[in-house]
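Asker: Sequence first, predicted model second:
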Amino acid sequence: MKVLLVYAHEEPHSFNAAMKNTAIKTFEAAGHSVVVSDLYRMTFKAVADGDDFLERRDRHYLKRQFEEQAASTLGTLAHDILDEQEKLKDCDLLILQFPLWWFSMPAIMKGWVDRVMTMGFAYGGGKWYDEGGLKGKRAMLAVTTGGPEASYLERGINGSMEKVLFPIQHGILFFCGFDVLDPFVAWGPAHQDQDSRTKVLNRYAEVLSGIETRERVPFHPLAHYDKGLQLKAEFEP
């Protein structure tokens with residue numbers, strides 16, 4: 001199996017870094033190959049703008065999706081975007097690893113999504129959700145939080161983690177065609193002692209060792225929706 005680990009944390013001695021290293025060791029020990037996009041170390045450009053296109057169909061007005069689709073055909077996206085897209089094409093499993101900031105991913109990782117998941121590559125032309133451009137690949141989130149698990153339950157002050165991660169898991173990964181695996185969440189590692197952190201890392205290694213049988217997040221496929229994009233009555237909970 002080929003794994004692409006897209007990693008967003010600025011501190012090389014952080015718990016997130018320990019999770020990244022655990023993932024690499026676990027996968028490689030099992031005979032899998034791992035490619036890491038360490039976004040901070042790469043100084044990955046997070047802002048989507050006109051410089052993302054080596055050639056433009058319209059030099060006077062930037063309509064991003066139009067330019068993305070044209071550039072996907074012509075191969076004229078910026079080189080750093082094309083590099084990341086080649087990594088995605090080659091992988092079987094994508095892991096997005098990041099600390100949860102403001103109920104979402106850090107800006108540098110959102111920028112990776114904005115720039116890399118282009119129209120004509122990840123979606124578009126009838127390719128979306130379970131028919132997305134990256135159909136046949138799996139994806140999983142590996143997330144750390146600042147708060148404890150109880151605060152992310154349905155009645156917790158932050159709301160359920162399922163709802164917090166929905167825009168990423170459904171609106172990005174599933175939209176682009178990935179089979180989305182249940183996320184791994186490390187709850188408040190900054191507030192844990194070293195023994196507790198080690199246990200979390202060991203649990204993460206166990207999860208990754210059993211990745212082939214990990215449950216998927218149960219999203220509805222396109223066939224479950226009517227022409228008005230409403231869930232058909234027979235599939236309502």
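Answerer: Okay, I see it.

Asker: What does the pLDDT read for the spatially most central residue of the chain?
Answerer: Taking C-alpha atoms, centre = their mean, the centroid of the chain lies closest to L96, which sits 4.1 Å from it. In this model, L96 is scored at 98, pLDDT.

Asker: looking at this, it is in a strand?
Answerer: Yes: counting by DSSP: H, G, I helix; E, B strand; the rest coil, L96 falls inside a strand.

Asker: In the protein, what helix or strand scores lowest on average pLDDT?
Answerer: helix 64-74 (a mean of 90; mean pLDDT, DSSP states H and E).

Asker: tell me how far that helix is from the chain's mean position?
Answerer: On the basis of C-alpha atoms, centre = their mean, to the nearest Å, helix 64-74 sits 22 Å off its chain's mean C-alpha point.

Asker: Give me the buried stretch members for stretch 171-183, please.
Answerer: 172-181, 183 (16 or more other C-beta atoms under 10 Å). Quick note: C-beta positions are derived from backbone N, CA and C, even for glycine.

Asker: neighbouring contacts of the least confident helix or strand of the chain?
Answerer: Applying C-beta atoms under 8 Å, 6 or more residues apart in numbering, the external contacts of helix 64-74 come out as 48, 52-58, 76-77, 118-121, 124-125.

Asker: same question, stretch 77-91
Answerer: Contacts of stretch 77-91 (C-beta under 8 Å, 6+ apart): 2-4, 35, 37, 44-45, 51-54, 68, 71, 75, 94, 112, 115-116, 118, 121, 134, 137.

Asker: Helices of this structure, start to end?
Answerer: For the chain, helices defined by DSSP state H occupy the ranges 15-29, 64-74, 79-90, 107-116, 161-168, 194-209.

Asker: and V217, which of the ones you listed is closest to it?
Answerer: For V217, the closest of these is helix 161-168, at 8.3 Å, according to C-beta to C-beta.

Asker: ok, now which ones touch P99?
Answerer: 8-9, 16, 106, 143-146.

Asker: try 6 Å this time
Answerer: By C-beta atoms under 6 Å, 6 or more residues apart in numbering, the residues touching P99 are 16, 144.

Asker: From I211, how far off is it?
Answerer: Per C-beta to C-beta, to the nearest Å, P99 is found 22 Å from I211.

Asker: what does E28 give?
Answerer: Plainly put, E28 is 13 Å away from I211 if you go by C-beta to C-beta.

Asker: What pLDDT is listed against P237?
Answerer: Reported pLDDT for P237: 82.

Asker: Please work out how many residues are found near it.
Answerer: Other residues lying near P237 total 3 when counted by other C-beta atoms under 10 Å.

Asker: Comparing E28 and I211, which residue is more hemmed in?
Answerer: It is I211, of E28 and I211, that has more neighbours when counted by other C-beta under 10 Å, with 18 against 12.
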